[in-house]
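**Student:** Structure of the sequence below:
(chains A and B)
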Amino acid sequence: MSTSTSSTTPLLSLRGINKSFGAVHVLKGVDLDVWPGKVTALVGDNGAGKSTLIKGIAGIYSFDSGSYTFEGQQVEVTNPKQANALGIEVVYQDLALCDNLDVVQNLYLGREATSGVILDETLMERKATETLKGLSVRTLKSVRMKVSSLSGGQRQTVAIARAVLWNSKLVILDEPTAALGVAQTEQVLQLVRRLADAGLAVILISHNMNDVIRVADNVAALYLGQMAAQVPSESLSHGQIVELITAGRSGDLGLKAPDKEVVA
Amino acid sequence: MTTTTATPASETLEAGGLGGAVRDYVDRLRGGDTGSLPAVLGFLVLVILFSATSDVFSSKLNWANLLNQSAAYIFIAMGLVFVLLLGEIDLGAGYTAGTSAAIMGVVMTQKGYAWPIAVVACLVTGAVIGFTIGLLVARLGIPSFVVTLAYFLGLQGVLLLVIGEGGTIPIRDETILAVNNNNLTPLLGWALFVVVVGGYAAITFGNLARRRSAGLPTTAPAVVLAKIGTLGVLLGGATLLLNQERSVNPALNSLKGVPIIVPITIVFVVGLTFLLTRTSFGRHVYAVGGNAEAARRAGINVANIKITCFVIGSTLAAIGGILIASRDNSVSPTSGGSQTLLLSVAAAVIGGTSLFGGKGRVIDAVVGGLVIGVIYNGLPLITSKAGIQFVVTAGVLLLAASVDAIARRRAAASGR
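**Tutor:** Predicted coordinates for the structure are as follows:
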């Protein structure tokens, strides 16, 4: 079904993942590979199982069956802490930032650096500045600005920076550009690209085909709980991705017609 | 206007020196981040108004009076700041103060234990009350408004039961009475002034040096100096005023010096401010008040933070109860009753703590408490009608809440 798109070994490899909620079989034998240094776009229509899949990867749900391999090791991820320990961070659509705190405070929320009982503000501010600089973020006037005074794109940047701050290896972005204007979308997409160029593995969930083609190295299309195809993005056209999302197949790609009937 | 060119590495924050800091401040005000400014303005207006209409108000004796009268409200309001920061409310705080004080009175006057044991009993009473409120709010998920409304009524009953119908418990212990009645010697008053201003200067310059050595943007030294200077002038003036003889008959009963309650309050303000601004716990309190869901996802135990804040709030209310008892020389069924709670909430809100959560400081309670103290102290001097006093107090609370709500709307509009 899926074809290998890289010579290096995948960072994350899922095989034959199944997940049901009661009688509803949401994920049916899903395979997914995610490589370091590459952006993997996860596309699919509403209800295709994207959210369930990433929540399973992040440890919010546990999969019913299938193998979960991270850095070549078979692992069991049953809660978010285990996923964080592996180096997996998720940036959710509703950004989960505190408006009344500043950028540094948000970046370190829940994991504050302290010396004794005292917060080490200088250390946190310096490292936050370095991280943002490392991501080539120049739109922030000061790292001591309150998040409430930031634009949507800047907030998204902070949320992504927070995921990167912890030496994470895999960053999962849930529709990072959904609520953004043109210029801000551009900023965030460039940031996503830089994350991958810095060697991180990125899973990008998006409904925007232009974003996917612009920034993704390969595309994984879910169709009614099945992985229709995972292929390099350069081999795909806009139309083909849409066909994979809406019909589960496009030419020779995707699910075979009989499969599709079984599904339907 | 001074401009600093010392650290070219940092292009922001420092750029404008004193002038820049003033411009920043004006921008912040426009954006709805008013801080304590309305309270300070209100304080000045009220002082001028009452001084013009009453000779007694601006007398030396009355200034010290004002501090002692405000103290209980300030302590209860400091506790409420912790609860308000979460976006919760504690309507029972007034009677928490009364009930805790009554327990102190029973242990000390009726059972004959020494004052430290009585004070511990009082604080434990407050902490237990706060803990149970916290459990009901955070674990069971009942709105704090409902829980504490029940406590408001319930504790009023408990207070009556502890004291007995119509009775009062006299407080005769010298130490407890001294807390909210006696004064420091003038020399100690000046020592306190030196310690406070010197300590503030040392801390701010220490921070400045640390940030500079770490290569981070710093506030201009001129701004820091201006702040220290302002604090020095205000506190110096207050110490000078309070150190003068204010007794009507000095030969019989000399009365001068800074009230003892002032250093006690300063210790609590510094300690609690440290807790809120320099520790992870404080950071988490703000986070829970700002966005509880974000705090939860960041791995913060939201329920524990809430319970702890209610415990701190009620324990500080219990201290407020000690101050009321000390001032009144007794605990009665009305201790901590009538307007105490409303005035304390008003104090916190007037000072700049938001009713919507996530915004507020411990010092707000002090500034707001002094405003409330001025109203409470000054109104009876110009009118004897209790009705007018109630109406004015209610008006001030509504005004403060309106300023808070408007500031919040402006903040939303300007994205602050």
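**Student:** A:W166 against A:A85, yeah?
**Tutor:** No - applying CB atoms under 8 Å, one finds A:W166 not in contact with A:A85, separated by 10.2 Å. Placement of C-beta: from N, CA and C, glycine included.
**Student:** Chain neighbours aside, what residue packs nearest to residue 96?
**Tutor:** Chain wasn't specified; assuming chain A. B:A294 (4.1 Å; CB to CB, 6 or more residues apart in numbering or on different chains).
**Student:** if you could check chain B rather than the one you did, that'd help
**Tutor:** Counting by CB to CB, 6+ apart, B:T96 lies nearest to B:A317, which is 4.2 Å off, once chain neighbours are set aside.
**Student:** ok, the spatially closest residue to A:R249 that is not a sequence neighbour - how many residues close by?
**Tutor:** Using CB to CB, 6+ apart and skipping the chain neighbours, the partner closest in space to A:R249 is A:L255 (5.2 Å). For A:L255, the neighbour count with other CB atoms under 10 Å in any protein chain shown is 22.
**Student:** And the pLDDT for A:L255?
**Tutor:** pLDDT for A:L255: 79.
**Student:** hang on, the earlier thing: thought the residue nearest to B:T96 was touching B:G79?
**Tutor:** Yes - B:A317 is within contact range of B:G79, at 4.9 Å (criterion: CB under 8 Å).
**Student:** Compare those two (neighbour count), which wins?
**Tutor:** Shown here are B:A317 and B:G79; by other CB under 10 Å, B:A317 has more neighbours (35 against 32).
**Student:** Helix, strand, or coil at the more buried one?
**Tutor:** Secondary structure state of B:A317, per DSSP: H, G, I helix; E, B strand; the rest coil, is helix.
**Student:** How much space separates it from A:L95?
**Tutor:** Note on B:A317: its distance to A:L95, by CB to CB, to the nearest Å, is 37 Å.
**Student:** cool, and A:L123?
**Tutor:** 24 Å.
**Student:** Which of those two has more residues huddled nearby?
**Tutor:** The neighbour count for A:L123 versus A:L95, taken as other CB under 10 Å, is higher for A:L95 (22 against 14).
**Student:** Need the three-state assignment for the more buried one.
**Tutor:** coil.
**Student:** Can you name the residue of the stretch 201-350 of chain B nearest to chain A?
**Tutor:** Closest to chain A within the stretch 201-350 of chain B is B:A298: 3.2 Å, counting by CB to the nearest CB.
**Student:** Name the nearest residue to that residue, sequence neighbours excluded.
**Tutor:** Excluding its sequence neighbours, the residue lying closest to B:A298 (CB to CB, 6+ apart) is A:G110, at 3.2 Å.
**Student:** Tell me the spacing between the one you found and B:A295.
**Tutor:** Using CB to CB, we find A:G110 at a distance of 7 Å from B:A295.
**Student:** Give me the spatial nearest neighbour of the most centrally placed residue in chain B, chain neighbours excluded.
**Tutor:** Closest residue to the average C-alpha location of chain B: B:A365 at 2.6 Å, with CA atoms, centre = their mean. Take B:A365 and drop its neighbours on the chain: the residue closest to it by CB to CB, 6+ apart is B:A77, 3.7 Å away.
**Student:** Can you name the residue of the stretch 101-250 of chain A nearest chain B?
**Tutor:** A:G110 (3.2 Å).
**Student:** That residue: neighbouring residues, count only.
**Tutor:** Neighbour tally, A:G110, other CB under 10 Å: 17.
**Student:** Ok, B:A401 next?
**Tutor:** 16.
**Student:** so who does it touch?
**Tutor:** Shown in contact with B:A401 (CB atoms under 8 Å, 6 or more residues apart in numbering or on different chains): B:349, B:355.
**Student:** Distance-wise, check it relative to B:N377.
**Tutor:** B:A401 is 22 Å from B:N377, by CB to CB.
**Student:** quick check, B:A71 in a helix?
**Tutor:** Yes - according to three-state DSSP, B:A71 belongs to a helix.
**Student:** just checking, it touches B:T265?
**Tutor:** Yes - counting by CB under 8 Å, B:A71 does reach B:T265; the two are 6.5 Å apart.
**Student:** So for these two, which sits in the more crowded spot?
**Tutor:** Remark: of B:A71 and B:T265, B:A71 carries more neighbours, 28 against 21, as counted by other CB under 10 Å.
**Student:** need the contact list for the more buried one.
**Tutor:** Applying CB under 8 Å, 6+ apart to B:A71 gives the contacts B:180, B:261, B:265, B:320, B:323, B:327, B:369.
**Student:** Can you check the pLDDT for it?
**Tutor:** Confidence for B:A71, expressed as pLDDT, is 94.
**Student:** hey, where'd the strands end up in the stretch 51-200 of chain B?
**Tutor:** B:169-170 (DSSP state E, counting those that start in this stretch).
**Student:** Just the buried positions in the worst-scoring helix or strand of chain B on mean pLDDT, please.
**Tutor:** Here the helix or strand of chain B ranked lowest by mean pLDDT, DSSP states H and E is helix B:17-30, holding a mean of 74. Buried residues in helix B:17-30, counted by 16 or more other CB atoms under 10 Å in any protein chain shown: B:17-18, B:20-21, B:28.
**Student:** Any chance of JSON lines for these, columns distance to B:I382?
**Tutor:** Formatted as JSON lines, those follow (distance: CB to CB, whole Å):
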{"residue": "B:G17", "distance to B:I382": "45"}
{"residue": "B:L18", "distance to B:I382": "40"}
{"residue": "B:G20", "distance to B:I382": "43"}
{"residue": "B:A21", "distance to B:I382": "39"}
{"residue": "B:R28", "distance to B:I382": "35"}
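**Student:** Could you tell me which residues of the stretch 151-264 of chain A lie near chain B?
**Tutor:** A:S151 (CB under 8 Å from any CB of the partner chain).
**Student:** quick one, helices of the stretch 151-264 of chain A?
**Tutor:** With DSSP state H, counting those that start in this stretch as the criterion, the stretch 151-264 of chain A has helices at A:152-164, A:182-197, A:209-215, A:238-247, A:257-263.
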